[in-house]
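# Got a predicted model here, sequence first, then my questions.
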2 protein chains.
Amino acid sequence: MTTSLPHRTGEVALTLLGPDDRPLADRAVTVAQTRHAFAFGNIGFDFVDLVGGPTPEGVDGDFGDAPGGLDLDRLGELWLNLFNTATLPFYWGGYEPRRGRPDAERLTRTARWFAERGVTVKGHPLVWHTVQPPWLLELARTEGLDEVERLQRARIRDLAGGFAGLVDTWDAINEAVIMPVFANGDNAVTRLARARGRIHMVRMAFEEARAANPAATLVLNDFDLSSAYECLIEGVLEAGVRIDAIGLQTHMHQGYRGEEYTRDVLDRFARYGLPLHLTETTLVSGHLMPPEIEDLNDYQIPEWPSTPEGEARQADDVARHYRTLFAHPAVQAVNYWGLTDQGAWLGAPAGLVRSDGTRKPSYDALEGLIKGEWWLPPTGMRTGPDGTLTVRGFHGDYTVDGAPFNIAPGRTTRTVRTSDAGPPAAGPIVIG
Amino acid sequence: MTTSLPHRTGEVALTLLGPDDRPLADRAVTVAQTRHAFAFGNIGFDFVDLVGGPTPEGVDGDFGDAPGGLDLDRLGELWLNLFNTATLPFYWGGYEPRRGRPDAERLTRTARWFAERGVTVKGHPLVWHTVQPPWLLELARTEGLDEVERLQRARIRDLAGGFAGLVDTWDAINEAVIMPVFANGDNAVTRLARARGRIHMVRMAFEEARAANPAATLVLNDFDLSSAYECLIEGVLEAGVRIDAIGLQTHMHQGYRGEEYTRDVLDRFARYGLPLHLTETTLVSGHLMPPEIEDLNDYQIPEWPSTPEGEARQADDVARHYRTLFAHPAVQAVNYWGLTDQGAWLGAPAGLVRSDGTRKPSYDALEGLIKGEWWLPPTGMRTGPDGTLTVRGFHGDYTVDGAPFNIAPGRTTRTVRTSDAGPPAAGPIVIG
């Protein structure tokens, strides 16, 4: 375990008690990490069909179809091995393609599947101008923007309130910088943003979601990492809107942007004193998208293969990028955008797993960090004469002989009672 | 006179009275425009040395030295023939190179020279991160940012208050979008903006200036015309800061950006319902600056000549650009950035007059609009039997047989008493 990341690590002084409440002195025990506190995330879009059931007839799938060649067990194994935070799709157009008939059941089942496996579930996004249902634009034309705003507010409340307890993290609003001037398709949300202003839209998203789920972590999310986003954030904060995290997208289909660029971006956005969520992270294992493409959606090619050289580069890029992000104290979450190449956004070979279900070098590289360099595997240790034991590790959940404890920032103390005098323990109880 | 610009023109029904207060029936009169209401501006930096006196020893001149080959009479004639609004330099570094010894006298003399000739005087800028006095950065290092802010506030009050009545239009803050992340030179204002935020800086500039001169027209000015500026404006307005005009710089050293681009920019910024001031307009009559230059200041070449082809292109560009701006109802002011090439910013052949004092085709083109197509020259007209006369023209000041009246938006009525029964009149008196 590296110790060069003081902001990611802590130290806990454990006192181990036996079932009789007496300290377990000079006892050999096994300590193991079970979860990172840091959010290592990925999208879970593929699981909606596999867990929730097939896409209803007449509805476009959100992003991917079912991932070729992988059943739920295998896909789940690959996913759960690395990630602890799942982003699920709540695009208005996919979620409510017919007005008044939202896809709540499939999403609920999928969210539960993740939650039951200890995964934090995040919803994406409550407000966005893309992937809109066609009926909404029609409604903007016939009934006007007040009605659009009323329905948008109702949608925010329904989702944030209806999924509270199951989905407690939301991209409250997506890409507000471009929202009022978005020119790649007429839509009701852009019309509303143009008429009422960005801050009105942001306030609407956060205030409605906050009211419906006061415990939620609400993220302002954007791909625009220029001064424009800084100006928006400053305006929003000045307007008194409480935001919980600043979301930074980094779809790097045009190539890894490098450590210097990344650190500069993190420093610029860290100065608002809010946690940074790297919400959408992509690095491809094939050729790079030409730099002159401005809207990534405009790049449509029949096939975008993963190549051996591309996979080697991607593995290197992924490791460099995650190291840079994990090293920055303001970063609280990194979400990769897709596990397999099958059905990946833009058809890009952006997955960590090939279309045939085999692991790419990038998967191994990420595993080497998340479950290697930054992880405490089952490790034999010994308590002192007073039954105490000091464990240093990355913030997160651990067990000692099966009894859970956690490592938080700084130096903490915990008393752990095991149900058995010796390993392996079962039925652990935690005190204090 | 063209009539395709309804937002720029009005109609006035004049009743002409003789010295005996009786209508002047069926009288031949001469009507002439004397001034545009629209602000056709230019910088008056060259006049500071010529009118105010030479730059004090040990102080860098602001932009130009005295314009080669032109004395005050000739330069003044060329300037006053086209423009009615002068921007004067109040850069902190040039205005107060030694702490506590501002260049108020020379600036006052220069401002008076313009004001006495019917020219509106504008000051540029109260807050900016460039052209700073070196002592201010030193002070930031030794005494901290609170002291920088205190001095910045004092400077705003001193200028806005001290020049009130003479300079009533100010670029209150310049380039706030880049201000906190400006990387082309350490300075105290960038440090302050980075620590306190853009909206804090904007509020400081506007509120101090407003308090010191409640009658002032205060402009938010920027070269960044992207969504970043929109976001800043939305944040500032949401924060309740009152701004009087949105300033848009358009230094087009890299080529004219075209009507479509310009109209799009004007429409985007017009949606805030505030007047637009095209504060800094430049079009060159030589080769174009390469497009890969990001900060125009980085392009330093020993000589940048004006060429015959360049001058033809510039004349065309100037006419197209001014037509586009004048046609847009939200535009209230257009300031060109420099009259002659001598001492022009970046050494660029951006003037309307060559270094040797001769007029370029762009000067003639602009004259053809400001004093031609959009102007009512002395014109013979005749009153009716009741002494009335209807005049249509561009908003501005006029005379009828030497007696002044004006044309305002819409349809107005005016009674004008002339001191003489027939032309030419002298000593006019206006009633109502």
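It's in.
# Report the secondary structure state of the residue of the stretch 151-300 of chain A found nearest chain B.
Chain B sits closest to residue A:235 of the stretch 151-300 of chain A, with a gap of 2.1 Å, by C-beta to the nearest C-beta. Quick note: C-beta positions are derived from backbone N, CA and C, even for glycine. Look at residue A:235: counting by DSSP: H, G, I helix; E, B strand; the rest coil, its state is helix.
# again, but for residue A:247
strand.
# Would you mind measuring from the closest residue to the residue of the stretch 151-300 of chain A closest to chain B other than its chain neighbours to residue B:279?
Excluding its sequence neighbours, the residue lying closest to residue A:235 (C-beta to C-beta, 6 or more residues apart in numbering or on different chains) is residue B:235, at 2.1 Å. Using C-beta to C-beta, to the nearest Å, one obtains 20 Å as the distance from residue B:235 to residue B:279.
# Could you do residue A:373 as well?
From residue A:373 over to residue B:279 (counting by C-beta to C-beta), the distance is 54 Å.
# More neighbours: these two, which one.
Legend: neighbour count by other C-beta atoms under 10 Å in any protein chain shown for residue A:373 and residue B:279, higher for residue B:279 (27 against 14).
# Just the pLDDT for that one.
Residue B:279 is assigned 98 on the pLDDT scale.
# The residue nearest to residue A:235: neighbour count?
Neighbours around residue B:235, by other C-beta under 10 Å: 26.
# returning to that earlier point: I'd assumed residue B:230 was in contact with the residue of the stretch 151-300 of chain A closest to chain B.
No - assessed by C-beta atoms under 8 Å, residue A:235 is found out of contact with residue B:230, at 10.1 Å.
# In terms of helices and strands, where is residue A:140?
Assigned by DSSP states H and E, residue A:140 belongs to helix A:134-143.
# can you list contacts of that helix?
With contact meaning C-beta atoms under 8 Å, 6 or more residues apart in numbering or on different chains, helix A:134-143 is reached by A:92-93, A:98-99, A:147-148, A:151, A:186-189, A:191-192.
# quick one: buried residues of the helix or strand just after it?
Next along the chain after helix A:134-143, taking DSSP H and E as the criterion, comes helix A:145-162. By 16 or more other C-beta atoms under 10 Å in any protein chain shown, the buried positions in helix A:145-162 come out as A:145, A:148-149, A:151-153, A:155-160, A:162.
# Kindly reformat these as JSON lines containing pLDDT.
Below are the buried residues of helix A:145-162 laid out as JSON lines (pLDDT from 0 to 100):
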{"residue": "A:145", "pLDDT": "97"}
{"residue": "A:148", "pLDDT": "98"}
{"residue": "A:149", "pLDDT": "98"}
{"residue": "A:151", "pLDDT": "98"}
{"residue": "A:152", "pLDDT": "98"}
{"residue": "A:153", "pLDDT": "98"}
{"residue": "A:155", "pLDDT": "98"}
{"residue": "A:156", "pLDDT": "98"}
{"residue": "A:157", "pLDDT": "98"}
{"residue": "A:158", "pLDDT": "98"}
{"residue": "A:159", "pLDDT": "98"}
{"residue": "A:160", "pLDDT": "98"}
{"residue": "A:162", "pLDDT": "98"}
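# Would you mind giving these as a markdown table with distance to chain B added?
Output for those, formatted as a markdown table (distance: C-beta to the nearest C-beta, whole Å):
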| residue | distance to chain B |
| --- | --- |
| A:145 | 14 |
| A:148 | 18 |
| A:149 | 17 |
| A:151 | 23 |
| A:152 | 19 |
| A:153 | 19 |
| A:155 | 23 |
| A:156 | 20 |
| A:157 | 23 |
| A:158 | 27 |
| A:159 | 26 |
| A:160 | 23 |
| A:162 | 30 |
